[in-house]
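Student: Provide a 3D model corresponding to the input given below.
(2 chains)
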There are 2 protein chains.
Amino acid sequence: MTNFKLTLEYDGSKFYGWQYQPKLRTVQGELERALEILLREKVHVNVAGRTDAGVHALGQVSNFKTNVEVDLQNILRSLNGILPHDVVVKHVEPVPVEFHARYDALSRQYCYVISRYPVAVGRGYAFFNKFPLDLEVMQQASRHLLGEHNFRAFCSSATDDPHYLSYVEALEWEDRGEKIVMRIRANRFLRSMVRIIVGSLLQVGRGKMASEEIAKILAAQNRIAAGVTAPPHGLFLEKVFYAPDHIAPRRKARFEEPVLMEEETYLE
Amino acid sequence: MTNFKLTLEYDGSKFYGWQYQPKLRTVQGELERALEILLREKVHVNVAGRTDAGVHALGQVSNFKTNVEVDLQNILRSLNGILPHDVVVKHVEPVPVEFHARYDALSRQYCYVISRYPVAVGRGYAFFNKFPLDLEVMQQASRHLLGEHNFRAFCSSATDDPHYLSYVEALEWEDRGEKIVMRIRANRFLRSMVRIIVGSLLQVGRGKMASEEIAKILAAQNRIAAGVTAPPHGLFLEKVFYAPDHIAPRRKARFEEPVLMEEETYLE
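Tutor: Below is the predicted model:
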């Protein structure tokens, strides 16, 4: 039994998100279909971050296990040959059999791209915002979100997340002239979390909301007071971070000790 | 009568090129339709470079004349409101009434983007080449094309160009890691010229053609010996150069002197 880790890039424009849905075009659906053609057996793929419809990925991570003998170069080339043009496997590597793309991910990094001008070339990869923005105030407001918080206010009501805690390790705004890029890294992300954060901080940047409002909304866990969800086409899952040996320390503990009740949320 | 110069960006993916064709979606067709809605009169637009189907533009230049009173900001915003999402007006300015986007252009700059890896995000904006390329040899071969030459060998047979002379001012290859970018600047370009040059230099870079072959093909004016036409989606019209007062020196001479027979090719 070999466990393969795949690093994927995809253009989310024509996908109903990552997660398999019968009759809808999803990245998981396309990937499992391609793997079935290649391996001649049905496989299930895990994923680090289940991106929503329209969201792109530059470094999504997935894993699957198989008993079929295949060499790495063969998987890479064949999968890219079978997969549609909007999904590309960038890297394949064998990993410890207990590795799970989601449960072993230590943190995820997303970026959100805003364009100051209307875009024709690459319009599917940036959100055009015509209002002047005060980036300094936005960076200031962003600081309220750093660290561990209950992000219920910045979470879609359609979520099935078991709890709302997230530890935001970094949140930075970069002015690139025609484009503005927000980059955020956290141990876990709730449904629509990045896009609601962007929508809220845009309100701050436009002067429609005070910087301290962000702290209040966070504390009050008030989704209604937060900004609207920014559109998906500006969002990219950039990178997923793992321990050097691929297994998260807390997961190692689990393998060594009897299963504890509070680790229930790690089970699928 | 005001003569307006427009700088345009467009994604060529869903256009049958620049030039108006009845019943086909073209950039000129969309632009003239939008201007007619805005000005409530039919106008004809000139253009610096008639890009082929699938070719993109970052800095295409067009001009049109009108007696309708409109202010610049109004034209910019309204046109971008009326135009489809794959065409954007980046800049509008009034220019001397005799300015013609094509005849006054001193030179045009195109770039061609090649990707060393399969691309999902931005796959419509780069040509994936899986073969290893020797960029140094390609740059060497490129030197044969610098200066004024008869480019009949590097020109589509479907051309209606009156002659095959072109003065190539610069041709450079840049290694950006995952991407390779060729940039070429010339006073005029023949039909498919950049894409046939790219196709031929790729043959050189793959070791399928000697560097000196390029000089021989050029001298022999042999289209058959040149490489295949590289696909349009890697090509961008980047910039068009004009004199500071917008009127080309040779055109000024024409206004001052009686019309000469050899200037016939400047007439539409």
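
Student: flag every residue of the stretch 51-200 of chain A that's near chain B.
Tutor: A:56, A:58, A:80, A:85-88, A:90, A:117-123, A:125 (C-beta under 8 Å from any C-beta of the partner chain). Bear in mind the C-beta positions are built from the backbone N, C-alpha and C, glycine included.

Student: ok, 7 Å please
Tutor: A:56, A:58, A:80, A:85-88, A:118-123, A:125 (C-beta under 7 Å from any C-beta of the partner chain).

Student: pull the number of nearby residues for A:I75.
Tutor: 19 (other C-beta atoms under 10 Å in any protein chain shown).

Student: hmm, I was thinking of A:A253
Tutor: The number of residues near A:A253, taken as other C-beta under 10 Å, comes to 11.

Student: again, but for A:V68
Tutor: 11.

Student: what of the one 3 residues further on?
Tutor: Using other C-beta under 10 Å, A:D71 has 8 neighbouring residues.

Student: over to A:E36?
Tutor: 13.

Student: can you give me the strands in chain A?
Tutor: Using DSSP state E, the strands found in chain A span residues A:2-10, A:46-47, A:56-66, A:87-95, A:107-115, A:127-128, A:147-150, A:165-175, A:179-186, A:235-241.

Student: and for the last one, what's in contact with it?
Tutor: Counting by C-beta atoms under 7 Å, 6 or more residues apart in numbering or on different chains, strand A:235-241 makes contact with A:48-49, A:51, A:55-61, A:105-112, A:194-195, all of which sit outside it.

Student: which of the residues of the stretch 51-200 of chain A next to chain B tops the neighbour count?
Tutor: A:H56 (27 neighbours).

Student: excluding its backbone neighbours, what's nearest A:V204?
Tutor: Among residues not flanking A:V204 along the chain, A:A141 sits closest, at 4.5 Å (C-beta to C-beta, 6 or more residues apart in numbering or on different chains).

Student: residues touching the one you found, list them.
Tutor: With C-beta under 7 Å, 6+ apart, A:A141 has these contacts: A:201, A:204, A:211, A:214.

Student: identify the farthest-apart pair in the residues you listed.
Tutor: A:L201 and A:S211 (9.4 Å; C-beta to C-beta).

Student: more neighbours, these two?
Tutor: Shown here are A:L201 and A:S211; by other C-beta under 10 Å, A:L201 has more neighbours (29 against 19).

Student: the more buried one and A:S142 touch, don't they?
Tutor: Yes: counting by C-beta atoms under 7 Å, A:L201 touches A:S142, with 6.3 Å between them.

Student: map the structural domains onto the sequence of chain A.
Tutor: As given by automatic domain parsing, the domain ranges for chain A are A:2-104+A:242-263, A:107-238.

Student: now those as JSON lines including mean pLDDT?
Tutor: Output for the domains of chain A, formatted as JSON lines (pLDDT from 0 to 100):
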{"stretch": "domain A:2-104+A:242-263", "mean pLDDT": "91"}
{"stretch": "domain A:107-238", "mean pLDDT": "94"}
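
Student: tabulate those (a markdown table), appending distance to B:P132.
Tutor: Formatted as a markdown table, the domains of chain A follow (distance: least, C-beta to C-beta, whole Å):
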| stretch | distance to B:P132 |
| --- | --- |
| domain A:2-104+A:242-263 | 15 |
| domain A:107-238 | 28 |
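
Student: A:V168 pairs with what?
Tutor: Beta bridges link A:V168 to A:G147, A:A186 when assigned by DSSP bridges.

Student: what is the burial count for it?
Tutor: 22.

Student: check A:T2 too.
Tutor: 13.

Student: distance of it from chain B?
Tutor: 23 Å (C-beta to the nearest C-beta, to the nearest Å).

Student: ok, now A:L201?
Tutor: 23 Å.

Student: contacts only, for the closest residue to that residue other than its chain neighbours.
Tutor: With sequence-adjacent residues excluded and distances taken as C-beta to C-beta, 6+ apart, A:L201 is closest to A:M138, at 4.9 Å. Contact analysis of A:M138 by C-beta under 7 Å, 6+ apart lists A:173, A:201, A:204-205.

Student: find the pair from these with maximum spatial separation.
Tutor: Farthest apart among these - using C-beta to C-beta - are A:W173 and A:V204, which lie 10.9 Å from each other.

Student: what sits against A:H44?
Tutor: Counted by C-beta under 7 Å, 6+ apart, A:H44 has contacts A:F64.

Student: grab the nearest non-local neighbour of A:P231.
Tutor: Using C-beta to C-beta, 6+ apart, the nearest residue to A:P231 is A:F127, at 5.3 Å.

Student: who are the contact partners of that neighbour?
Tutor: A:F127 touches A:113-115, A:230-231, A:233-234, counting by C-beta under 7 Å, 6+ apart.
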